[in-house]
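# Got a predicted structure here, sequence first:
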Amino acid sequence: MVARKISVLGVFFIVSCAIANEPESIQLNNQLSACIAVNDIQTSIENGIPVLSFDAKIIKSIAECGCKSALGSYSVMAKMAEYQSYIIVGKVAFTKSEHKYWPLSAEQGLIDKRKLEIVLSCAQPD
């Protein structure tokens, strides 16, 4: 009986971790929306890394949205009641329409049960 309770609790824990950051808990701030359309947003865990996947459709070159190159930037922030915590920031290429996979954090524990904001913008020049 104890083993059954533990296994049921284990399944509940695994399911709750897997859905901790469903797309509805993610706010996308697409500052390049006039140039890049983002559709079919999904989250998953790949080899222990939380991943955001989506379809990126190039409407027009991001240079027409004020970027200096075809490189964009994305940042993931966890939003708590009083503050925001930057989790990960990276550069990404937008040269063609394709399905994208981006890490949301280095490990799931950093974003578990937190509302996330993902900002898509121009990359800063190096």
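Now that the structure is in, tell me what you want to look at. Numbers count the residues shown, from 1 in each chain.
# any idea of the pLDDT on residue 80?
With respect to pLDDT, residue 80 has a value of 84.
# burial measure for it, as a count.
For residue 80, the tally of surrounding residues (other CB atoms under 10 Å) stands at 10. No exception for glycine: its C-beta is placed from N, CA and C like everyone else's.
# next one: the one 3 residues further on
Residues within reach of residue 83, counting by other CB under 10 Å, total 8.
# Tell me the spacing between it and residue 52.
Computed as CB to CB, to the nearest Å, the residue 83 to residue 52 distance reads 22 Å.
# after the helix or strand of the chain with the lowest mean pLDDT, next one along is what?
Every helix and strand of the chain was ranked by mean pLDDT, DSSP states H and E. The lowest is helix 2-18, at a mean of 42. The helix or strand immediately downstream of helix 2-18 is strand 26-30, counting by DSSP states H and E.
# so how far is that next one from its chain's centroid?
9 Å (CA atoms, centre = their mean, to the nearest Å).
# Which elements pack onto it?
Using 3 or more CB pairs under 8 Å, 6 or more residues apart in numbering; DSSP states H and E, the elements in contact with strand 26-30 are strand 36-46, strand 115-122.
# switch the cut-off to 6 Å
Other elements packing on strand 26-30 under the criterion 3 or more CB pairs under 6 Å, 6 or more residues apart in numbering; DSSP states H and E are strand 115-122.
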